[in-house]
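Asker: Fold the following.
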Amino acid sequence: MADNILALSAVAEALKEFYLPGLRYQLNDKASAFLAQIERDSQSVVGKEIVMALRYGRVGGIGNRADDGDLPTPNARKTKQAKWETKNLFARFQITDKTMKASRSNVGAFASMLETEIKDCETDAKLDLSRQALGNGNGDLCVISAATHASGVLTLTVDTTMYLAEGMLVDIIDKSATPDAPLANGSGLEIIFVDDDNSQIKLTCANDISSNIQADNDYLVVAGNLGLELTGLRAVAENTTLYGLDRATSYPWLKAQRINVNGEIADVVIQTAIDNADRKAGAQTNFLLCSYGVRRAYQNLLTATKTLANTLDLKGGWSAISYNGIPLVADKYVAPQKMYCLDLSDWKMYQMSDYEWMDQDGAMLSRVSGKAAYEATLEKYADLGCGRPKGVVELYGITEHS
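Answerer: Down below sits the predicted model:
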């Protein structure tokens, strides 16, 4: 008993003093080049809510008058306060009691097992965080167009497999429900095969629910994530409602700018987007983010014009192609045919605190109910915020190169 308590104490100390700083660095700076450049802000989080001031309009009181005329009427810029709740981010791993007991006879083997568990957790957390940072907050991964079932396996034809991987647990969301909701018997299904070439996936599913999956834009989300993900880049560029504000009718000045390229990328196309960000919002574009295929298209453009591709070093050890001194970065989770022009000073990761182990009950490593295992959970309560959405320009319909 004493040996086991000693092992628990030692693991908890290692998680806090040795692993936590590294996990914070990996998740903050190495999940994505975009996230690595963004300022983190705890001062603007009140309780569990984010409070962000959205400024718009022009300052009044500016004008020319006659010698004896009345001075211009002061009229301050308008402010709309956005207030929304932080999102809840968790990363969790388990260690069996048998593995814990092995530490008494082979500390090196135990340390290696612990290292492996934490490394796997870190890797998958980084991937998911990177995806969410570029998502729309709802969590949709793909749209389903067809479904069949045989021998306990559900086969889905989807519009994209770029966000999917074997081992993921997903929910099938019924688009015809109000609001959207997980389909009965379609929750927590495990993906067992991803066929990128044919845009199909296979999932373990005991019941035949294929007839309940309609070609009406039913979609997949990570199990349990529906509507709970970070308010990512796609949300700022595309969503009708942002930070609880209706952009379609009440706050049209909150809309991002979107340009349909409908063809090849070109320097003048990028410059037009940068100019629009400045002219319409006063934003100074200092970061270009695109899909892999669009980056290849731009690299081919540089080759065709015999232009030297200069590179830039970014925070977090990332590198970028230079477009007139502006970093151009590709991310695997940017949707095909897209490029975003961003002013990073408009973006913040609003957080209650940095990543911490969940230990409010005094136990960093806790027993798993009903199992001979212990678990640790990393948590962070935060969300992304963009203080000037109109300064975001999305270029879409760009021809990709292979």
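Asker: surely L129 meets N28?
Answerer: No - look at L129 against N28 with C-beta atoms under 8 Å: they stay out of range, at 9.3 Å. In this view, the C-beta of every residue, glycine as well, is placed from N, C-alpha and C.
Asker: so what sits against both of the two?
Answerer: The contact sets of L129 and N28 overlap at L35 (C-beta atoms under 8 Å, 6 or more residues apart in numbering).
Asker: List of residues touching stretch 307-324?
Answerer: Residues outside stretch 307-324 that contact it (C-beta under 8 Å, 6+ apart) are 29-30, 33, 36-37, 267, 270, 288, 295, 298-299, 301-302, 325, 327-329.
Asker: what do you get if the cut-off is 6 Å, keeping everything else the same?
Answerer: With contacts defined as C-beta atoms under 6 Å, 6 or more residues apart in numbering, stretch 307-324 is touched by 29-30, 33, 36-37, 288, 302, 327-329.
Asker: likewise stretch 204-221?
Answerer: Against stretch 204-221 from outside (C-beta under 6 Å, 6+ apart): 139-145, 147-149, 152, 154, 170-171, 173-176, 185-186, 189-190, 192.
Asker: do that again at 8 Å, thanks
Answerer: 138-149, 152-154, 156, 158, 164, 170-176, 183-186, 189-190, 192.
Asker: Give me the buried positions along that stretch.
Answerer: Neighbour-count burial for stretch 204-221 flags 205, 209, 213, 218-221 (criterion: 16 or more other C-beta atoms under 10 Å).
Asker: Check stretch 355-369 too.
Answerer: Residues 355-357, 359, 364-366 are the ones in stretch 355-369 that count as buried (16+ other C-beta under 10 Å).
Asker: Max pairwise distance over those residues: which two?
Answerer: For the buried residues of stretch 355-369, the farthest-apart pair by C-beta to C-beta is Y355 and S366; their separation is 17.6 Å.
Asker: Where does the residue lying closest to Y340 once chain neighbours are set aside sit: helix, strand or coil?
Answerer: Among residues not flanking Y340 along the chain, L289 sits closest, at 4.6 Å (C-beta to C-beta, 6 or more residues apart in numbering). Put simply, L289 is strand when judged by DSSP: H, G, I helix; E, B strand; the rest coil.
Asker: How about the contacts made by L289?
Answerer: Neighbour list for L289: 33-34, 134, 233, 329-331, 334, 339-340, 342 [criterion: C-beta under 8 Å, 6+ apart].
Asker: swap the cut-off to 10 Å and go again
Answerer: 32-34, 134, 233, 295, 320, 327-331, 334, 338-342, 394 (C-beta atoms under 10 Å, 6 or more residues apart in numbering).
Asker: Just the helices from the stretch 201-350 of the chain, written as ranges.
Answerer: 233-238, 267-281, 292-304 (DSSP state H, counting those that start in this stretch).
Asker: Which of the helices or strands spans the residue nearest to L378 when sequence neighbours are not counted?
Answerer: Nearest non-adjacent residue to L378, counting by C-beta to C-beta, 6+ apart: A91, 4.3 Å away. Take DSSP states H and E as the rule and A91 turns out to sit in strand 87-96.
Asker: Could you report the pLDDT at the residue nearest to Y340?
Answerer: Here the pLDDT value assigned to L289 is 98.
Asker: Give the bridge partners for it, please.
Answerer: V329, Y340 (DSSP bridges).
Asker: any idea how far V158 is from it?
Answerer: Distance, L289 to V158, using C-beta to C-beta, to the nearest Å: 24 Å.
Asker: do the same with E264
Answerer: For E264, the distance to V158 (C-beta to C-beta) stands at 28 Å.
Asker: Between the two, tell me which one has more neighbours.
Answerer: Higher neighbour count among E264 and V158: V158, with 22 against 14, using other C-beta atoms under 10 Å.
Asker: Quick check on that one: phi, psi?
Answerer: With angles defined as degrees, to the nearest 10, V158 sits at phi -130, psi 170.
Asker: Look up the closest residue to it, ignoring the ones flanking it.
Answerer: Excluding its sequence neighbours, the residue lying closest to V158 (C-beta to C-beta, 6+ apart) is C142, at 4.0 Å.
Asker: Now do the contacts for the one you found.
Answerer: 156-164, 170, 199, 201, 219-221 are the contacts of C142 under C-beta under 10 Å, 6+ apart.
Asker: name the element it belongs to?
Answerer: strand 140-150.
Asker: Which strands border that strand, and is each parallel or antiparallel?
Answerer: Sheet partners assigned to strand 140-150 using DSSP bridges are listed as strand 153-158 (antiparallel), strand 219-222 (antiparallel).
Asker: Could you count how many residues lie near the nearest residue to A82 once chain neighbours are set aside?
Answerer: Closest residue to A82 apart from its sequence neighbours, by C-beta to C-beta, 6+ apart: Y243 at 3.8 Å. Y243: 24 surrounding residues under other C-beta under 10 Å.
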